[in-house]
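K.L.:
my questions are about this predicted structure, shown below with the sequence.
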Amino acid sequence: MSGFNRHPWLKWEQVEKFLGQKLPFGEKGQTFLDNMTWVEGYVQDMLKKAMPGEEASLSSHHPAGTEIFETHEHVIIKVKIAKEEDPRALQVFVKSNQIKLTGFLSDKSRILKLPTLVLPRTARVSYKQRLLQIKVRKRGLKESYVEAYIRY
């Protein structure tokens, strides 16, 4: 069996309707299952349509000179500090969903929203070569129950 007859239970018209485009068939007798090179382009197009301007929106959430990324267990924040700033005057305050930086010459504090919840007490901050790095452990999804005692 070849072509459409190979899988008579599959309704190609419905698949094409769902995908929003005709399935690309190559040479005569060849099915789209024989040549899957078109899939990558299709997936990239769908991702662009689903998340338009994603790169711009990610960079606009954080002030210039700030980079926030995640590993499996941590959130790492890197902040470039200007030459005129006194690094010893800086203070870092960590909440479960954001970080507040104070002590800048402008007396304005910076609030950095975190991409996931963290454990504030696990924060480790270092300063080296005008780069402030904050590393905080993510809050686990599998939190265990803590007994709340009943008063009688």
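P.N.:
Alright, I've got the coordinates.

K.L.:
quick one: the strands in this structure?
P.N.:
66-70, 74-80, 91-94, 98-102, 110-113, 124-128, 131-137 (DSSP state E).

K.L.:
need the residues that contact the second one.
P.N.:
Applying Cβ atoms under 8 Å, 6 or more residues apart in numbering, the external contacts of strand 74-80 come out as 65-70, 99, 101, 110, 112, 114-116, 118, 130-138. C-betas here are computed from N, CA, C, even on glycine.

K.L.:
which among these end up buried?
P.N.:
Listed as buried from the contacts of strand 74-80 are 66, 68, 99, 101, 112, 114, 118, 132, 134-136, 138; burial here means 16 or more other Cβ atoms under 10 Å.

K.L.:
can you list those residues in JSON lines and add pLDDT and distance to Val79?
P.N.:
Supplementary listing: the buried ones among the contacts of strand 74-80 in JSON lines, determined by pLDDT from 0 to 100; distance: Cβ to Cβ, whole Å:
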{"residue": "Thr66", "pLDDT": "91", "distance to Val79": "5"}
{"residue": "Ile68", "pLDDT": "93", "distance to Val79": "9"}
{"residue": "Ile99", "pLDDT": "94", "distance to Val79": "9"}
{"residue": "Leu101", "pLDDT": "94", "distance to Val79": "7"}
{"residue": "Leu112", "pLDDT": "94", "distance to Val79": "8"}
{"residue": "Leu114", "pLDDT": "93", "distance to Val79": "13"}
{"residue": "Val118", "pLDDT": "92", "distance to Val79": "16"}
{"residue": "Leu132", "pLDDT": "94", "distance to Val79": "4"}
{"residue": "Ile134", "pLDDT": "95", "distance to Val79": "8"}
{"residue": "Lys135", "pLDDT": "95", "distance to Val79": "12"}
{"residue": "Val136", "pLDDT": "95", "distance to Val79": "13"}
{"residue": "Lys138", "pLDDT": "92", "distance to Val79": "19"}
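
K.L.:
got TSV for the residues you listed, with distance to Ala82 too?
P.N.:
Putting the buried ones among the contacts of strand 74-80 into TSV (distance: Cβ to Cβ, whole Å) gives the following:
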residue	distance to Ala82
Thr66	12
Ile68	19
Ile99	18
Leu101	12
Leu112	16
Leu114	23
Val118	26
Leu132	11
Ile134	17
Lys135	22
Val136	23
Lys138	30
